[in-house]
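Peer 1: Sequence first, then the predicted structure, then my questions.
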Amino acid sequence: MEKNWIEKIIEAIRIAMNKGLNIEGKYIELLKYYFFTIEGGFEFYIYLDSNNISIHTKKGHFLKKYSITDRDKLELQALALSIKEYNEDMAISEFEELISNKKEEITDINNLDDDD
């Protein structure tokens, strides 16, 4: 039975999201080309066009002839949108974390209470 590579790619991206890894996903319409990157402990680069799936890691690469169906295209476009939303959420979260970590004021010697 042929592996459903699109489902595996979606699963890998979801796992990376749950781990809070840096993820990018794009569809370049002019080239009819999708690419996804996962970085942070793991490094995967996944490229898809109408005829191939290519997965590159630190230790190797894999190329498979694969015809992307119309359903695959829709799922990949939805995945790219999910990644965009994920990155926006991560940016807002980091921004709010920065704001909430207000710098503690240094106590001035004149403001110390003398309990002696």
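Peer 2: The structure has been received and is ready for your questions. A quick note: this is a predicted structure, and the numbers were derived from the prediction, not measured. Numbers count the residues shown, from 1 in each chain.
Peer 1: Which residues are in contact with the closest residue to Gly41 other than its chain neighbours?
Peer 2: Take Gly41 and drop its neighbours on the chain: the residue closest to it by Cβ to Cβ, 6 or more residues apart in numbering is Leu21, 6.9 Å away. Every residue, glycine included, has its C-beta placed from N, CA and C. Leu21 makes contact with Ile38, Glu39, Gly40, Gly41, Phe42 under the criterion Cβ atoms under 8 Å, 6 or more residues apart in numbering.
Peer 1: where does Gly60 fall, phi/psi-wise?
Peer 2: The phi and psi values for Gly60, taken as degrees, to the nearest 10, are phi 170, psi -170.
Peer 1: what's the helix or strand for Thr37?
Peer 2: strand 33-40 (DSSP states H and E).
Peer 1: Pull the distance from that strand to the chain's centre.
Peer 2: Strand 33-40 sits 7 Å away from the centroid of its parent chain (Cα atoms, centre = their mean, to the nearest Å).
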